[in-house]
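Kindly generate the corresponding structure for this input.
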Amino acid sequence: MFKRGSGAAGDGFARILANTGWLLGGKGVGAVLSLAYLAIVTRTLGVADFGRFALVLSAANVVKALVSFDSWQIVVRYGQPHLTEGNGDALNRVLRFCILIDLGSAVAGGLIAAAIILFFGNLLELGPGMGVQVWLFTMVMMITIRSSPTGVLRLFDRFDSAAFAETMIPVGRMIGAVVAWILMPGITGFLISWAFAELLCAISYWYLAMKVGGDRIGNWRAGRALDARRENPGIIGFLTATNLQTSLSSIGQQVAVLIVGAFVGPAGAGLYRLANQLANSLTKISSLLSRSIFVELARTSTHGKEALGALFRRTNKLALVAGAVIIGLIVTIGHPLLGLIAGKEFLPAYPLLLMLGVSACIDLIGVSYRPLLMATDRAGLSLRISVVATLLLLGLQSALLPLYGTKGAAMANILSSLASFTLMGLASRRAIRG
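Sure, this is the predicted structure:
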């Protein structure tokens, strides 16, 4: 067992590997199940209806990304000192503060979703009577925001429990997809299935977080939640930066599907989303590494530049190897995998899969840049780079889509990822030297 807070680069790197291993174990189960339920959905709905289904999911995810906060980072960043000092009540106030933020996000998300459906429902081509269903699905997405319990599990190094809770998404979707395929084989049935999976995952996260935290997370009635602002200087700025950065990153990808849909219709949007989803499945290690890296860099940053730099360089080498391996997988098995999962009518999505896979691997190679900037109190700089990258992505898509169709949209992803990789890399190296 590694000693908590040792700060040694070797121990930190070992914990990153161990924690990523737990997350990969959960995602490995999810990846296998996702291939199965994607096959059910695509073959049941066909290209056009799958495109409409994809547009609904993207719209809901845009709203969720717009209003939700990565409050797990706040629990880890500001809860760590309280945990070290044995001040469970102060830790509890940080947790309650994050819960309040999540509840406020749910209310705001419901209002935004209603406005989008009211004013842009025709653009999404939802079809008659689908507006209420889409709003209800979005509300389920809002009330199942689970960032706060995720922070508790990561604070206590229980990535194994987090991995188990996360598997409830693919498990729930798999169960729901089979039931929908038998009883309600349409967009509505699959929306219900996806909503069921979100609820199952959220319940699992909260149960495990309360079990793991126990008495160590203090008294739920000790002081006011808003006292966390005074007790943790800088928490509001960190909160704002993480929210905007996460929102920009997620919105850039989800809005991209909506832009594709506006230019080439639901069928094109469906092909683009399928390729994007498969590419992201093959590069899921990127987000998993990022979560593990942030926790360790936040700890190691208190032990000096030398330890921080050593850990940063080791994670960069690991990400480079992982990126090269995944590119090889996409080139060798991407085309047959696409045909096996979705059928011949979706094979035109392979060039998109290849290009979006390259884009995702570029993000993977630079996976340690953003966590480093966040851990060294450079959240504002990281945010500014994310703004530039997102605006570049959406601008390039708007310019290239009319010329090259969905391939132009995928090309925009590659160019945006390269720009973000370069800027984040320069900023990270300055942070290490500084």
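
Helix or strand next in line after the helix or strand of the chain with the lowest mean pLDDT, which one?
Lowest by mean pLDDT, DSSP states H and E among the helices and strands of the chain is helix 285-300, with a mean of 63. Counting by DSSP states H and E, the next helix or strand C-terminal to helix 285-300 is helix 305-342.

And that next one, what's buried?
307-312, 314-316, 318-319, 322-323, 326-327, 330, 334-335, 337-338, 341-342 (16 or more other Cβ atoms under 10 Å). Every residue, glycine included, has its C-beta placed from N, CA and C.

what distance separates that helix from the middle of the whole chain?
With Cα atoms, centre = their mean, to the nearest Å as the basis, helix 305-342 stands 17 Å off its chain's centre.

average model confidence for that helix?
Mean pLDDT, helix 305-342: 78.

what's stretch 402-420 in contact with?
Contacts to stretch 402-420, defined as Cβ atoms under 8 Å, 6 or more residues apart in numbering, come from residues 252, 256, 259-260, 263-264, 268, 271-272, 275, 351-352, 355-356, 358-360, 362-363, 366, 385-386, 388-390, 392-393, 396-397, 399-401.

Convert stretch 86-102 to CSV, retaining C-alpha atoms only.
Taking Å, rounded to 0.1, in the frame of the first residue of the first chain, the C-alpha atoms of stretch 86-102 are listed here in CSV:
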residue,chain,number,x,y,z
GLY,A,86,-8.5,15.4,10.3
ASN,A,87,-11.1,18.2,9.9
GLY,A,88,-14.0,16.2,8.7
ASP,A,89,-16.6,19.0,9.3
ALA,A,90,-14.7,21.4,7.0
LEU,A,91,-14.5,18.7,4.4
ASN,A,92,-18.2,18.1,4.7
ARG,A,93,-18.9,21.8,4.1
VAL,A,94,-16.9,21.6,0.9
LEU,A,95,-18.9,18.6,-0.2
ARG,A,96,-22.2,20.3,0.7
PHE,A,97,-21.1,23.4,-1.2
CYS,A,98,-20.5,21.2,-4.3
ILE,A,99,-23.9,19.5,-3.9
LEU,A,100,-25.6,22.9,-3.8
ILE,A,101,-23.8,23.9,-7.0
ASP,A,102,-25.0,20.6,-8.7
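
Run through who's touching it.
Residues from elsewhere that reach stretch 86-102 (Cβ under 8 Å, 6+ apart): 68-69, 71, 74-75, 78-79, 82-83, 145, 147-148, 151-152, 215-220, 222-229, 231-232, 235, 239.

What mean pLDDT does that stretch get?
On average, the pLDDT along stretch 86-102 is 91.

Give the buried residues for it.
Across stretch 86-102, burial judged by 16+ other Cβ under 10 Å covers 87-99, 101-102.

closest to Leu55 among those?
Of all the buried residues of stretch 86-102, Asp102 has the smallest distance to Leu55: 25.8 Å, by Cβ to Cβ.

any idea which element the closest one lies in?
helix 88-124.

again with Gln277
Here Gln277 is assigned to helix 235-282, by DSSP H and E.

same check, this time on Asp157
Following DSSP H and E, one finds Asp157 outside all helices and strands.

what pLDDT does it get?
Asp157 is assigned 81 on the pLDDT scale.

Check Pro185 too.
For Pro185, the predicted pLDDT is 89.

ditto for Ala60
With respect to pLDDT, Ala60 scores 81.

Please verify my assumption that it contacts Thr144.
No - counting by Cβ atoms under 8 Å, Ala60 does not reach Thr144; the two are 11.3 Å apart.

These two - which one has more neighbours?
Ala60 (26 against 20; other Cβ atoms under 10 Å).

quick one: which helix or strand includes the residue nearest to the more buried one when sequence neighbours are not counted?
Closest residue to Ala60 apart from its sequence neighbours, by Cβ to Cβ, 6 or more residues apart in numbering: Thr138 at 4.4 Å. Take DSSP H and E as the rule and Thr138 turns out to sit in helix 130-143.

Thanks a lot, see you next time.
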